[in-house]
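Visitor: Okay, sequence plus prediction incoming.
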There are 2 protein chains.
Amino acid sequence: MNSAVYLDHNGTTLLDPRVLQAMMPYLSEQHGNATSRHVFGRGARQAIDHARGQVADAVGAHPSQVIFTAGGTEADNLAICGIPATRPNGQIAMSAIEHPAVTRPAFAMRSRGHRVAVIAVDHVGRVEKNHLDAILEKPTALVSVMLANNETGVIQDIAGIAETTRRHGAFMHTDAVQGLGKIKLDFTALNVHAMSLSAHKINGPQGAGALVLDKRVDIQPLLHGGGQEKGLRSGTENVAAIVGFGAACELIRHELVQRTGAVRQLRDQLELGLKALGAHIFGAASSNERLPNTSFFAFPEIEGETLVMALDRKGFAVASGSACSSDSTEPSHVLLAMGVEPELARGAVRVSFGAGNSRQQLVAFLQVLENELQRLKRLTAVAV
Amino acid sequence: MNSAVYLDHNGTTLLDPRVLQAMMPYLSEQHGNATSRHVFGRGARQAIDHARGQVADAVGAHPSQVIFTAGGTEADNLAICGIPATRPNGQIAMSAIEHPAVTRPAFAMRSRGHRVAVIAVDHVGRVEKNHLDAILEKPTALVSVMLANNETGVIQDIAGIAETTRRHGAFMHTDAVQGLGKIKLDFTALNVHAMSLSAHKINGPQGAGALVLDKRVDIQPLLHGGGQEKGLRSGTENVAAIVGFGAACELIRHELVQRTGAVRQLRDQLELGLKALGAHIFGAASSNERLPNTSFFAFPEIEGETLVMALDRKGFAVASGSACSSDSTEPSHVLLAMGVEPELARGAVRVSFGAGNSRQQLVAFLQVLENELQRLKRLTAVAV
């Protein structure tokens, strides 16, 4: 067992032991293929249907609106490729701070004749609504704006953006992967046509996600085959992972307030300490809503990657820039879109709290951070 | 725990307890996102790389040729959509007996300008090579022929088909999902460019598969995003499932001969009993190579679906037609392609043996089958 302190819960989370317990029968004696009609298959089918209800309940949706996928990236790709595919002439509009799971399929759709428009964000990372209005003057198939940013934690006014989008006759998708389990989500109130979710960000298993979809939206599947998920996502269902996703959703439905209160306390205390050490905290304007567990910050003249590695050696796992593009040493596209100077952006480090983190760990982290900052500043001074 | 006898191993298999044991650390304390650079992420990355070696070793491939996916359907879709995408004018040729995970993406590619050609099979279910030759006279992007059919178990001469395909400058894909773990597979000897695999058919977990790909083949990804799997399959890796897939491959590498010997004995004994009861066994010509575990048969005037349900009530789980199209009551497209009369095809029932099946179970099965056949024949007689 790894003894390091895990502070990267926006990257992935530890599987909740209660979730694992719910999954175990489907990793042992219950092993049906959910498309089979015999007793084993029917057991798998029932387990999936139960999980579908749990996921729907957690986000204020109807079970029939939940399409299970292998994860958040697949859910995003399904929406970004599948919805415009039925509207050949419409552009795809997305914010400048989307996850690559949205931006890259959008750009891939250019080869199928779709224009891509990028909606600017302001200096605290919120979508510029005037810019959205201007973009929507062209025929638009789909607008995609993430509910909460994975790096900064900044939360968008999705219901407002959806209203504007609908007024222009376009469909609205939101990547809510980082929102689920951290803030209350209500598919109906958000008024979007499609919403992506992922299990492994909420102490559920890797390998399960969902696209919650308004059934009136015409969509083309990404994966063709046996016709699972009403033909919208073929492939033998990963029953254990789906059951785990359902169980994890059930838990957040009951524990959301308590969980978010706990991480918010840690995050606020962290940021007091960070400011005392001279950090710049991104997106932290008092007027700005952020996820309660996330802090994205930089120290001038300290490279983020270097600091992450130094903290790793001292037993603290944090992320630099986006954890989802490990091979990249470019500064975060999110920060650049917010107008942050590339030099400061290169210093970006993300701490994201979650289940299992304690005040004690936080105190130890701040102490180690202070020591490492001093050491790195001395090294920088020598190097110059 | 379900006490029914499971005779549907081509549908899915029970997770081997040793495989589950290998997965457990990644379902509990080891929970990194493999793209993260901290100690948790590096642990996940190493586990995936180890599994990649195990999968490669099991099929005579190089680890760098293994692209992990969420399953066999995704691997098929990646090949069928991704390879022709780089060859806009080439047709897609596939056999008439492919799985829907091949046929449906192929037909979907027609909307992107690709012609689809269907290669006929003979009465025992083998590809008509003359027909393939004729089809290949037109410019062809990709030929896809499954290694072993999921319903009949009939094995194709993939190396021979690949040679013909290569001579015409096309790429060759084989869906080897049903072959893995049942016969020896050698990617290099098969001489194909791409081969699909699935973990849950070999006592591994649901949620993992692979496309084994000759790196010289230009291919477009299906899932765009964080750039995992060298950009060919984005999305957070399902570490536990991939580890399980690797472990299951390692086991078949050591146990293949013993396992196939055991199921072959059961299958041969089953077929003696079936013939004595008057069954027609599909694809069972003595000249025809079949998977050692699979028997696909029909009794004249007994509907397959009815027989499957009757056997299910008596505690025996078998499949009718293809287990992968549960909502369909059409006769098997595989049998129709082989020239079987629709009336006989509607009687088709599949028994597929695997780990845990015993001679005792077989004896009991044959007895119950005989009773149910008599009962159903009486009912039919009354109905007439």
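Guide: Yep, it's here.
Visitor: all contacts plus neighbour counts: C-alpha atoms, from now on.
Guide: Noted.
Visitor: where along chain A do the helices fall?
Guide: Chain-ordered helices for chain A, with DSSP state H as the definition, fall at A:17-23, A:39-58, A:72-82, A:100-108, A:129-135, A:158-167, A:187-190, A:239-276, A:304-313, A:333-337, A:342-345, A:359-383.
Visitor: Which residues in the fifth one does the neighbour count mark as buried?
Guide: Put plainly, it is helix A:129-135. A:129, A:132, A:135 (16 or more other Cα atoms under 10 Å in any protein chain shown).
Visitor: what sits opposite residue A:211 in the beta ladder?
Guide: Note on residue A:211: beta-bridge partners by DSSP bridges are residue A:67, residue A:196.
Visitor: what residues are up against the residue of the stretch 51-200 of chain A found nearest chain B?
Guide: Residue nearest to chain B within the stretch 51-200 of chain A: residue A:101 (3.7 Å; Cα to the nearest Cα). Applying Cα atoms under 8 Å, 6 or more residues apart in numbering or on different chains, we find residue A:101 in contact with A:72-74, A:76-77, B:224-226, B:234-235.
Visitor: Identify, from the residues you listed, the entry nearest to residue A:161.
Guide: residue A:76 (18.0 Å; Cα to Cα).
Visitor: what about that closest one, how many residues close to it?
Guide: 35 (other Cα atoms under 10 Å in any protein chain shown).
Visitor: right, and it touches residue A:194 too?
Guide: No - Residue A:76 sits out of contact with residue A:194 when judged by Cα atoms under 8 Å, with a separation of 9.3 Å.
Visitor: Find the residues that touch each one of the two.
Guide: residue A:211.
Visitor: any low-confidence regions in the stretch 1-150 of chain A?
Guide: Within the stretch 1-150 of chain A, the ranges that satisfy pLDDT under 70 run A:1-2.
Visitor: For it, what lies in contact range of chain B?
Guide: Within the stretch 1-150 of chain A, the positions lying close to chain B (Cα under 8 Å from any Cα of the partner chain) are A:1-2, A:4, A:11-15, A:17, A:20, A:27-33, A:35-40, A:70-74, A:77, A:99-105, A:108.
Visitor: Can you give me the distance of residue A:337 to chain B?
Guide: Per Cα to the nearest Cα, to the nearest Å, residue A:337 is found 18 Å from chain B.
Visitor: can you pull the contacts of that residue?
Guide: By Cα under 8 Å, 6+ apart, the neighbours of residue A:337 are A:96-97, A:120-123, A:125.
Visitor: Next, format these as CSV and append neighbour count.
Guide: As requested, the contacts of residue A:337 are exported to CSV (neighbours: other Cα atoms under 10 Å in any protein chain shown):
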residue, neighbour count
A:96, 22
A:97, 29
A:120, 20
A:121, 21
A:122, 13
A:123, 17
A:125, 28
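Visitor: distance between the ends of stretch A:211-230?
Guide: One end of stretch A:211-230 sits 13 Å from the other (Cα to Cα, to the nearest Å).
Visitor: Enumerate the positions of that stretch that are buried.
Guide: So for stretch A:211-230, counting by 16+ other Cα under 10 Å, buried means A:211-214, A:219-229.
Visitor: Which of those residues sits closest to chain B?
Guide: Of those, the one sitting nearest to chain B (Cα to the nearest Cα) turns out to be residue A:225, at 3.7 Å.
Visitor: right, and the closest one touches residue A:236 too?
Guide: No - applying Cα under 8 Å as the test, residue A:225 and residue A:236 come out as separate, 9.5 Å apart.
Visitor: can I see the domain layout of chain A?
Guide: With domains defined by automatic domain parsing, chain A comprises A:5-12+A:256-383, A:17-250.
Visitor: Please work out which of those domains is packed deepest.
Guide: Ranked by mean neighbour count, these are led by domain A:17-250 with a mean of 22 (mean count of other Cα atoms under 10 Å in any protein chain shown).
Visitor: quick check, nearest of the buried residues of helix A:129-135 to residue A:315?
Guide: Minimum distance to residue A:315 across these is 42.3 Å, recorded for residue A:129 (Cα to Cα).
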